[in-house]
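Q: Any chance you can model this:
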Amino acid sequence: MIRDITIGQYYPAQSLVHRLDPRVKIICTLIFLVSLFVQNSLLGYAVATIFLMIVIKASQVPLKFMLKGLKAIVILLLFTVVMNLFLTKGGETLVHFWIFTITEQGLRVSVFMAIRLIYLIVGSSLMTLTTTPNSLTDGIESVLKPLNKINVPVHEIAMMMSIALRFIPILLEETDKIMKAQIARGADLESGNIIQKTKAMVPILVPLFVSAFRRANDLAMAMEARCYCGGEGRTKMKPLIYEKRDYLAYTFSIFYLVVVIIVGHFIPFKVWIF
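A: Numbering: from 1, shown residues only. Next up, the predicted model:
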């Protein structure tokens, strides 16, 4: 399960998506996420699926690698689907057993919510998989730059987000090493009830926290030794410059959003309760 988490990782390739400006990928990802919530129809999600498949194909990131990251949210996905399935009321009753009731509206909302969560994770992961941490930091800082006028520390926020994303794969690798080391020493991490499993996690969490604090301290000392003092007056070794492909990406994303809104709201299409 630890190896299945892909958020924060970078997949090196020479694709068109990799060469896009990080600001374009951030804004286009936001447009895609907005498109998942501004419509609620099968045709709208079909258009979103086609758009997502085209972008994944253009990114040269294997689809299996993208889907592997969904294993980490299976529990959250199932919990969300079950809660919406049984707690949402409306429409005709489909199943009624004891205190559990499944209605047409509950089934519809749970299915659409599952699709939204899956596409949200895949779309967000695609941005981090095709953007290096340094480029992502520059992109976030540039997108949030107007907030500097109201004294928001944009550079510091972007730096913290970049460090957090960079630390995710490092801590996951560290966790995997600690778990293997504890298993080699005879630790049993699988059997027992939930209380016993929780106690078995203590020998993993303690060295993990120690390692995380040590890495954070080393990073702070390295930044201080290099006289790091925030973003005021700092220049970029690789300044962000829009190119023709970036404007085409903006146009393609806006066109997709318009199509999703039109299809999702103005084209009548219904299959059963969906």
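Q: if I look at the residue nearest to I73 when sequence neighbours are not counted, how far off is L67?
A: Counting by Cβ to Cβ, 6 or more residues apart in numbering, I73 lies nearest to I121, which is 6.0 Å off, once chain neighbours are set aside. Placement of C-beta: from N, CA and C, glycine included. In this view, I121 and L67 are 10 Å apart by Cβ to Cβ, to the nearest Å.
Q: just to revisit the earlier point, give the next helix or strand downstream of the one helix or strand the residue nearest to I73 maps to.
A: Assigned by DSSP states H and E, I121 belongs to helix 104-129. Sequence-wise, the next helix or strand downstream of helix 104-129 (DSSP H and E) is helix 133-143.
Q: Which elements pack onto that next one?
A: Helices and strands touching helix 133-143, by 3 or more Cβ pairs under 8 Å, 6 or more residues apart in numbering; DSSP states H and E, are helix 22-35, helix 154-184.
Q: Go again with 10 Å.
A: helix 22-35, helix 104-129, helix 154-184 (3 or more Cβ pairs under 10 Å, 6 or more residues apart in numbering; DSSP states H and E).
Q: what angle sits between the helix or strand just after the first one and helix 104-129?
A: On the C-terminal side of helix 22-35, the closest following helix or strand by DSSP H and E is helix 42-59. Here the directions of helix 42-59 and helix 104-129 differ by 20 degrees (axes from the mean of the first three to the mean of the last three Cα atoms, to 10 degrees).
Q: Give me the distance from helix 42-59 to the chain's centre.
A: Relative to its chain's centre, helix 42-59 lies at 17 Å (Cα atoms, centre = their mean, to the nearest Å).
Q: Just say helix, strand or coil for I102.
A: Using DSSP: H, G, I helix; E, B strand; the rest coil, the structure places I102 in strand.
Q: Report pLDDT for the closest residue to it other than its chain neighbours.
A: Of all residues not flanking I102 in the chain, V95 sits nearest, at 4.2 Å (Cβ to Cβ, 6+ apart). pLDDT recorded at V95 is 82.
Q: Settle it for me: which of I121 and L67 has more neighbours?
A: With neighbours defined as other Cβ atoms under 10 Å, I121 and L67 compare such that I121 has more, 20 against 14.
Q: can you pull the contacts of the more buried one?
A: Neighbour list for I121: T6, I7, M66, L67, G69, L70, A72, I73, L76, L77 [criterion: Cβ atoms under 10 Å, 6 or more residues apart in numbering].
Q: for the fourth one, helix, strand, or coil?
A: Three-state assignment for L67 (three-state DSSP): helix.
Q: just checking, it touches V74?
A: No. Using Cβ atoms under 10 Å, L67 is not in contact with V74; the gap is 11.5 Å.
Q: Most widely separated two among the contacts of I121?
A: Largest separation among the contacts of I121 by Cβ to Cβ: M66 and L76, giving 17.4 Å.
Q: between the two, who's got more neighbours?
A: M66 (20 against 11).
Q: My understanding was that that one contacts L129; is that so?
A: Yes. With contact defined as Cβ under 10 Å, M66 counts as touching L129 (7.7 Å).
Q: Between these two, which contacts overlap?
A: T6, Y11, I56, S59, V122.
Q: Out of those residues, give me the one that has the most neighbours.
A: Neighbour tally across these (other Cβ under 10 Å): the maximum, 26 neighbours, falls on T6.
Q: Can you check the pLDDT for it?
A: With respect to pLDDT, T6 scores 63.
Q: do L85 as well
A: If you check L85, the pLDDT there is 87.
Q: again with G231
A: With respect to pLDDT, G231 scores 65.
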